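Chemist: the sequence isn't on hand, but the structure is:
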């Protein structure tokens, strides 16, 4: 095996270990959802405390206006009436700034808050941050938070084409006494 192949194998193994270590920081169902207070695309501070008493679909995504992130956001947009009928508020979070979020929301007519987690602290508190030193990006994770502020379900492997429908099905199941 040449030096490049050894290095690539070493790097791949390191990333796999690092990724599994990161998943350990993910809050478990039944635990309190980490709080947050972040600016949305309009500069308004949005907090988890303000959403108490409602179901919250808190979804982390890597980057505004990229194919997978756009598909996921538009699916939530298209299913928003159904989500609201179930008492849920959709909230997107990435490390992009408020100006980027404003452009993304306007371009795709996204009617829900997109929060700017510029330093990645909120994503990190949910185990949803890839941090490569100077470069940070949120992982595509979603957390369904119940009205009492607890994690009801986490989604760590998201298919953007059907994720919103999956969340709706789980909300229906979880809301049934």
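Modeler: That came through, no problem. Fair warning: this is a prediction, and the values are worked out from it, not measured in the lab.
Chemist: let me see the ranges of the strands in this structure.
Modeler: Remark: strands assigned in the chain by DSSP state E are 37-39, 45-47, 55-60, 88-94, 114-116, 129-132, 135-138, 142-145, 151-155.
Chemist: between those, which gets nearest to residue 73?
Modeler: The closest of the strands of the chain to residue 73 is strand 88-94. By CB to CB, the value is 6.4 Å. For the C-beta atoms, the positions are set from N, CA and C on the backbone; glycine is no exception.
Chemist: and the contacts of the closest one?
Modeler: The set of residues external to strand 88-94 that reach it, using CB atoms under 8 Å, 6 or more residues apart in numbering, is 36, 38, 46, 51, 54-64, 69, 73, 76, 80, 83, 101, 110, 112-117, 122-123, 137-138, 167, 171.
Chemist: what do you get for stretch 158-175?
Modeler: 55, 57, 59, 68-69, 71-72, 75-76, 78-79, 82-83, 86-88, 140-142, 144, 146, 152-153, 155.
Chemist: go again using 10 Å as the cut-off
Modeler: Stretch 158-175 has contacts (CB atoms under 10 Å, 6 or more residues apart in numbering) with 55, 57, 59-61, 67-80, 82-83, 85-88, 90, 139-142, 144, 146-147, 152-153, 155, 157.
Chemist: buried members of the residues you listed into PyMOL, please.
Modeler: Only the buried entries of those go into this PyMOL selection, using 16 or more other CB atoms under 10 Å:
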select buried, resi 55+57+59+60+61+69+70+72+73+75+76+77+79+80+83+86+88+90+139+140+141+142+144+146+152+153+155
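Chemist: helices and strands of this structure: which one has the lowest mean pLDDT?
Modeler: Ranking every helix and strand in the chain by mean pLDDT, DSSP states H and E puts helix 3-23 at the bottom, with a mean of 39.
Chemist: tell me who's in contact with the residue most central in space within the chain.
Modeler: Taking CA atoms, centre = their mean, the centroid of the chain lies closest to residue 60, which sits 1.6 Å from it. If a contact means CB under 10 Å, 6+ apart, then residue 60 has 91-95, 115, 117, 122-123, 126-129, 137-143, 158 as its contacts.
Chemist: kindly report the same for residue 44.
Modeler: Contacts of residue 44 by CB under 10 Å, 6+ apart are 38, 98, 113, 115.
Chemist: I figured the second one hits residue 116, correct?
Modeler: By that I understand residue 98. Yes - in this structure residue 98 lies within contact range of residue 116 using CB atoms under 10 Å: 4.7 Å.
Chemist: I appreciate the help and will end here.
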